[in-house]
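**Q** quick check, what structure comes out for this input:
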Amino acid sequence: MGHTSLEKIIALQKKTPHIRNLCILAHVDHGGNEYLINLIDSPGHVDFSSEVSTAVRLCDGAIVVVDAVEGVCPQTQVVLRQAWLENIRPVLVINKIDRLIVELKLTSQEAYTHLQKILEQVNAVTGSLFTSKVLEERAEKDAEAQSSCTENGSGDQVYDWSAGLEETDDSDLYFSPDRGNVVFASAIDGWGFSIHQFAEMYSQKMGIRSSVLLKTLWGDFYLNAKAKKIMKGAQSKGKKPLFVQLVLDNIWSMYDAVVTRRDKEKVEKMVTSLGLKVMSRDLRHSDPKVLLSAICSQWLPVSQAVLSMVCEKLPSPAEISAERVEKLMSVGARRFDSLPEQTQELKKAFLDCSADETAPVIVFVSKMFAVDSKALPQNKQRPLTQEEIAQRREQARQRHAERQAANQSAESPGSALSVKTAVEEDNKEHFVAFARVYSGVLRKGQKVFVLGPKYDPSLALRLPEGCSAADVLPSVPHMACCTVDSLYLLMGRELEELDEVPTGNVLGIGGMEEFILKSATISTSPSCPPFTPLNFEATPIVRVAVEPKHPSEMPKLVRGMRLLNQADPCAEVFAKIEISASKPIIPFRETVIRPPKVDMVNEDMGKQQKVAVIHQVKEEQTKYPEGVQVDSTGLVTLTTPNKMATVGVRAIPLPEEVTRLLEDNVELIRTMEQFSLFVWEDKTLDINQKILENIQEFKVKLESNLQGRKWRGAVERIWAFGPRRCGPNILLNSVEGYRRPSVWQCLEREKETEKAEIRDFDNSIASGFQLATLSGPMCEELLMGVCFSVETWDMKLSAPLAQQDSIDEDSRAAEPNIDNQNESSDTHETNTSSASSNRSRSGAEAAGSSVDCYGPFSGQLIAAMKEACRYAFQAKPQRLMAAMYTCEIMATAEVLGRVYAVLSKREGRVLQEEMKEGTDMFIIKAVLPVAESFGFADEIRKRTSGLASPQLVFSHWEVISSDPFWVPTTEEEYLHFGEKADSSNQALKYMNAVRRRKGLYVEEKIVEHAEKQRTLSKNK
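**A** Got it, this is the predicted structure:
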């Protein structure tokens, strides 16, 4: 495959059906047709799955590469899932087949069985994704049918027990060699093939039609030599399958002759029979792999096999499916049907993939990447003309004369400054947007709209009809107008400048760094929606604080961090200054649990007698300040400093299922809060019917998980979620006689319900709860899985206080009307305007005065509520929650013990261990705390001499069972742990580390006995 000229590539860009967007640019001649293949390579390690996400969005197909020895790894499943979510078609390459011959020394028959199992594993992953999709669609249809039955009033309903899998055609989803979407390869030896190549080859030699061979080369078929027929039932009759006999045996004999036995005569016969030309130096080479590569790269070239499969089996940009278009255009939980009419009309432009002048330009930018200014085409060195050479010579002479004059006068600060500025300008990084054109033709110098991820296309309805980016338009949130500075063709590391790029092509756009942070949608139509955000499989969990060693270099670090945020590569690339980085900042969560029934030595606590506690830690901890009362049930009653309000709060641990449910539905909770805020401000917010159904389902799940006497009616009494109004903690309204507006208002808007009234300072209680859940008492980390129930709330407001807290200064002389239950709107933000607060109190308006919910008393109530929540939290058994990684390790049996030793040393827990069929490898699945994961991969490689390598992915939060404040209280604990109980407490170690990092007080003894150490001699 030779070098292709730029003119030829530009011509091919205009032939949309002959473009294949996969992933380095190549030009292929295939069957008389010329194809343009955009090949975007993405790293395979699980740590770089975000790079896979950015690549997958711009493609129509994907080549999934699987190791023939290791089979389906965790990252293979992640890649297949990402391809599935983006609705792109994958093809399979099973690589490293040479390892089956050279390393594992399998026979051709054993290798065939092994390859079958790998195909089954890959298809099982695809099948599970397909099944879950079908079942989801079936559930949606059932819900719609049920609602229609309810509306029609027909009580008789016949339930269909079929899951919908029988009617759905899934034949095109799976990988099978006879369909042509699988290539077997050894990239290191330069060979690869699909069974199509062997079918064509043997159809001429054996006189059997290639269509018959295509169906029978892979499967349970064998060749009956006597009858000269292909028969079924190779396995039952103990015959060699056709694939082994005609394909694998030839490859195995090639390796045997060239690599194992080095039989020159046999090699020469094979080369002659295949009609190949091998250079004599390759035949004489001491390394047999060189000869093998020379033969195989001519006989079965891997490039031809893969690129033929790509051209035949993967779709062109013009074949984009309607389902994928709707998915790309539906932002968040909004359905395609709910988008404005002008926006829905753009679907036709996507499907047509037209390069006409009238077609709207739609481009998606998936990432920004940094390019050195010297690599830009306009800055590249090019051959100079004679006139330019003469001109440069003259300029050099002038500079030399100026430099000599400056040295003589010894006054050259200005020239030095100009030289420095020029150097800095040369070293400046430029950003290029990595993008794809989905519709129209993008031209250099064209005016376009840049639409951010939060842009709402319904706002375009307010703009003049037929407006363009060149017009003077009013400001619209998350929309900017800009001119396309430059267009680039991405040729590996090289960039070639273009004047225009038609639809279906991948390109680079220059000059967008001021308008795009990470990803964006570019269009000439303001009614174009922003594309759905990228699907990132990995969750970032660890933070690091950095600061420059020399404060004067802070601007460089700030610039470096900005560039890092925009492009997400290595930090050293941008800020070449000395930096001091903190140890990784590991996040924890704080929670409460039910009182444990067993002590630290697993003895039943109910049957034991408590003994005197020598350490007074618990007693010191239970000393509460004045104004705080705690009863035996854990109810904390706290009074504000001005004695005007009393709050009673109780902390209750939430069931684990509820915590998980709250975490999974953050977006729905945020939508509910937004609706409540709109209601409070007398505005309306239209919520899609689909989202309302999801909220209703979320509410039903909450009710089903909160069962029991203490949770009766709890879902209806939810006051707020926290922290940040959408977290996994709940504030419950258990105040007798106080019925406030529900958080489920969006579900009740169609029903005629009794209007609930809101008390003054209701917002202060919610704000105190938000602050309490934002930083817990143990080490100022977020709370998780805690329910705070407000059981009493009494206020004794005096007239002077009400006058002091009055909003209107003119109304201070009037007697304020204090009515705690005279509010009729829901408050959810502490910074809501006081005007909104006044609108909600009809009685107060009549009296000409109202209570100021944002005055000094409000602050006291917020602080009192926060402290009450913290003391209520401390009144229950407290625990830390650690972030956990799931860890998959592949190791041989010899090093299994060492792997387990490293895991147990780092507080890991093995979940599953299984042996990989056909190999001596074990797959170990374990969980490991994030706090213990640093240096884990290096340690496990060192201990196992590189035979085991782990892959870590964030999984969940887990409660650390040990109590950080534990001291021995029972006889058994004293006997087991001793009087001091100074054995290591993992939870205490984590808690003190976080407190020390945050500059909080850490209670620890540095010296216990300050007496001189004595060395006792041993008895000999």
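**Q** now stretch 203-212: buried residues?
**A** Of all the residues in stretch 203-212, those buried under the rule 16 or more other C-beta atoms under 10 Å are Ser203, Ile208. C-beta coordinates here come from the backbone N, C-alpha and C atoms, glycine included.
**Q** so what touches it?
**A** Here stretch 203-212 makes contact (C-beta atoms under 8 Å, 6 or more residues apart in numbering) with Ala199, Glu200, Tyr202, Leu213, Ile230.
**Q** I'd like to know which of these are buried.
**A** Listed as buried from the contacts of stretch 203-212 are Ala199, Tyr202, Leu213, Ile230; burial here means 16+ other C-beta under 10 Å.
**Q** will you turn those residues into JSON lines that also has distance to Ala318 and pLDDT?
**A** Converted to JSON lines, these look like this (distance: C-beta to C-beta, whole Å; pLDDT from 0 to 100):
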{"residue": "Ala199", "distance to Ala318": "29", "pLDDT": "87"}
{"residue": "Tyr202", "distance to Ala318": "35", "pLDDT": "85"}
{"residue": "Leu213", "distance to Ala318": "32", "pLDDT": "86"}
{"residue": "Ile230", "distance to Ala318": "39", "pLDDT": "81"}
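**Q** looking at those residues, which is nearest Ser525?
**A** Of all the buried ones among the contacts of stretch 203-212, Ala199 has the smallest distance to Ser525: 48.5 Å, by C-beta to C-beta.
**Q** so what strands line up beside the longest strand along the chain?
**A** Ranked by residue count, the top strand of the chain under DSSP state E comes out as strand 878-892. Take DSSP bridges as the rule and strand 878-892 pairs in its sheet with strand 588-592 (antiparallel), strand 921-929 (antiparallel), strand 949-959 (antiparallel).
**Q** next helix or strand past it?
**A** helix 896-905 (DSSP states H and E).
**Q** using CSV, write down the CA coordinates of that following helix.
**A** Output of helix 896-905 as CSV, limited to C-alpha atoms (Å, rounded to 0.1, in the frame of the first residue of the first chain):
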residue,chain,number,x,y,z
LEU,A,896,-1.4,-17.8,43.2
GLY,A,897,-0.3,-17.8,46.8
ARG,A,898,1.8,-14.6,46.3
VAL,A,899,-1.2,-12.8,44.8
TYR,A,900,-3.4,-13.8,47.8
ALA,A,901,-0.6,-12.5,50.1
VAL,A,902,-0.5,-9.1,48.5
LEU,A,903,-4.4,-8.9,48.5
SER,A,904,-4.7,-9.8,52.2
LYS,A,905,-1.9,-7.4,53.2
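**Q** same question for that helix: list its buried residues.
**A** Buried positions in helix 896-905, judged by neighbour count with 16+ other C-beta under 10 Å: Leu896, Arg898, Val899, Tyr900, Val902, Leu903.
**Q** show me the contacts for the first one.
**A** To tie it back to what came earlier, the one meant is Leu896. Counting by C-beta under 8 Å, 6+ apart, Leu896 touches Phe922, Ile924.
**Q** how many neighbours does the closest residue in space to Asn688 that isn't next to it in sequence have?
**A** Excluding the flanking residues, the one nearest Asn688 by C-beta to C-beta, 6 or more residues apart in numbering is Ser338, at 4.9 Å. If you count neighbours by other C-beta atoms under 10 Å, Ser338 ends up with 17.
**Q** my guess is Ser338 meets Ile691, correct?
**A** No - using C-beta atoms under 8 Å, Ser338 makes no contact with Ile691, being 9.3 Å away.
**Q** biggest helix in this structure by residues?
**A** In the chain, taking DSSP state H as the definition, the longest helix is helix 108-152.
**Q** okay, now Cys311: neighbour count?
**A** For Cys311, the neighbour count with other C-beta under 10 Å is 17.
**Q** picking that back up, and which of the buried ones among the contacts of stretch 203-212 is nearest to Arg462?
**A** Using C-beta to C-beta, those come closest to Arg462 at Ala199, 61.3 Å.
**Q** just send the buried ones among the contacts of stretch 203-212 back as a markdown table, with distance to Phe769 and secondary structure too.
**A** Listed next are the buried ones among the contacts of stretch 203-212 as a markdown table, based on distance: C-beta to C-beta, whole Å; DSSP: H, G, I helix; E, B strand; the rest coil:
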| residue | distance to Phe769 | secondary structure |
| --- | --- | --- |
| Ala199 | 70 | helix |
| Tyr202 | 75 | helix |
| Leu213 | 72 | helix |
| Ile230 | 75 | strand |
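**Q** now those residues as JSON lines including distance to Lys327?
**A** Below are these laid out as JSON lines (distance: C-beta to C-beta, whole Å):
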{"residue": "Ala199", "distance to Lys327": "37"}
{"residue": "Tyr202", "distance to Lys327": "43"}
{"residue": "Leu213", "distance to Lys327": "39"}
{"residue": "Ile230", "distance to Lys327": "44"}
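**Q** would you map the strands across the stretch 601-750 of the chain?
**A** Using DSSP state E, counting those that start in this stretch, the strands of the stretch 601-750 of the chain run over residues 628-630, 636-639, 645-653, 718-722, 729-733.
**Q** export the ones you listed to a markdown table and tack on distance to Leu39 and mean pLDDT?
**A** Rendered in a markdown table, the data for the strands of the stretch 601-750 of the chain read as follows (distance: least, C-beta to C-beta, whole Å; pLDDT from 0 to 100):
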| stretch | distance to Leu39 | mean pLDDT |
| --- | --- | --- |
| strand 628-630 | 67 | 85 |
| strand 636-639 | 63 | 91 |
| strand 645-653 | 53 | 92 |
| strand 718-722 | 46 | 90 |
| strand 729-733 | 48 | 92 |
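**Q** so after the strand or helix carrying Ser211, what's the next helix or strand?
**A** Using DSSP H and E, Ser211 sits within helix 210-216. Later in the chain than helix 210-216, the nearest helix or strand by DSSP H and E is strand 221-224.
**Q** got the contact list for that following strand?
**A** Here strand 221-224 has contacts from 229-234, 237, 239-242, 245-246, using C-beta under 8 Å, 6+ apart.
**Q** those residues in helices, which ones?
**A** Applying DSSP H to the contacts of strand 221-224, the entries found in helices are Leu242.
**Q** would you list the buried entries among the contacts of strand 221-224?
**A** For the contacts of strand 221-224, buried by 16+ other C-beta under 10 Å: Ile230, Ala234, Lys239, Lys240, Pro241, Leu242, Gln245, Leu246.
**Q** between those, which is nearest Leu217?
**A** Nearest to Leu217 among the buried ones among the contacts of strand 221-224 is Leu242, at 5.5 Å by C-beta to C-beta.
**Q** right, and the closest one touches Lys232 too?
**A** No - counting by C-beta under 8 Å, Leu242 stays clear of Lys232, with 10.3 Å between them.
**Q** what's the local residue count around Gln13?
**A** Neighbour count of Gln13, defined by other C-beta under 10 Å: 25.
**Q** sticking with Thr358, tell me its helix or strand.
**A** Under DSSP H and E, no helix or strand contains Thr358.
**Q** how far away is Lys796 from Val91?
**A** 75 Å (C-beta to C-beta, to the nearest Å).
**Q** picking that back up, same list (the buried residues of helix 896-905) but as CSV, adding pLDDT and distance to Lys96.
**A** Formatted as CSV, these follow (pLDDT from 0 to 100; distance: C-beta to C-beta, whole Å):
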residue, pLDDT, distance to Lys96
Leu896, 88, 24
Arg898, 90, 26
Val899, 90, 24
Tyr900, 90, 28
Val902, 91, 27
Leu903, 91, 28
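**Q** and which of those residues is nearest Leu564?
**A** Distances from Leu564 to these, taken by C-beta to C-beta, are shortest for Val902, at 32.0 Å.
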